[in-house]
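Trainee: Quick one, what's the 3D model for this:
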Amino acid sequence: MPVKSAVVNSKGGVGKSTSATNLAAVAATMGRRTLLIDLDPQGTSSWLSGAEYSDPVRTAAAMFQDDPLLPSQLAVPGAFGFDVVPAGPHLAESEHWLATTTLSDYRLSMVLKKINPRWLLMT
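Mentor: Here you go, the predicted model:
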């Protein structure tokens, strides 16, 4: 069963993206199949991982639409041995959409329950 980890803080600039990226890199170095889901509209973890989005539709924002894509459909290889669901500017729009959507608090949880078990650690 995969281990899920979240790096959160309501304040900006405290190292959330750096910590999550380093955690994923260390886990991958230890041989764990790792997925980093970047939910920051600025995309810092995606950039640090060498996995910036190239298709604005295939980013983490696609997990929150009415017919959500799964992380396994969005993941791209990062530069340090782990996979990344990249962030993009559409995440800011998703935040607004989620604020007005039924069951928005559970949307990420519902998507993560359907995740491919090939990843042992998700940050």
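Trainee: Quick check: closest non-adjacent residue to the residue nearest in space to the middle of the chain.
Mentor: Centrality entry for the chain: nearest residue to the mean C-alpha point is residue 37, 1.3 Å, by Cα atoms, centre = their mean. Spatial nearest neighbour of residue 37, chain neighbours left out: residue 85 (4.4 Å); criterion: Cβ to Cβ, 6 or more residues apart in numbering. Heads up, the C-betas are built off the backbone N, CA and C, glycines and all.
Trainee: cool, and residue 21?
Mentor: residue 48 (4.4 Å).
Trainee: So that neighbour sits against residue 18, correct?
Mentor: Yes. Counting by Cβ atoms under 8 Å, residue 48 touches residue 18, with 6.9 Å between them.
Trainee: which of the two has more neighbours?
Mentor: For the pair residue 48 and residue 18, the greater number of neighbours falls to residue 48 (22 against 13), based on other Cβ atoms under 10 Å.
Trainee: where does that one fall, phi/psi-wise?
Mentor: The phi/psi pair for residue 48 (degrees, to the nearest 10) reads phi -60, psi -30.
Trainee: who's in contact with it?
Mentor: Shown in contact with residue 48 (Cβ atoms under 8 Å, 6 or more residues apart in numbering): 17-18, 21.
Trainee: what's in contact with stretch 110-119?
Mentor: Contacts of stretch 110-119 with the rest of the structure, by Cβ under 8 Å, 6+ apart, involve 1-2, 4, 33-35, 63-64, 68, 70-72, 83, 103, 122.
Trainee: Could I get the contacting residues of residue 8?
Mentor: residue 16.
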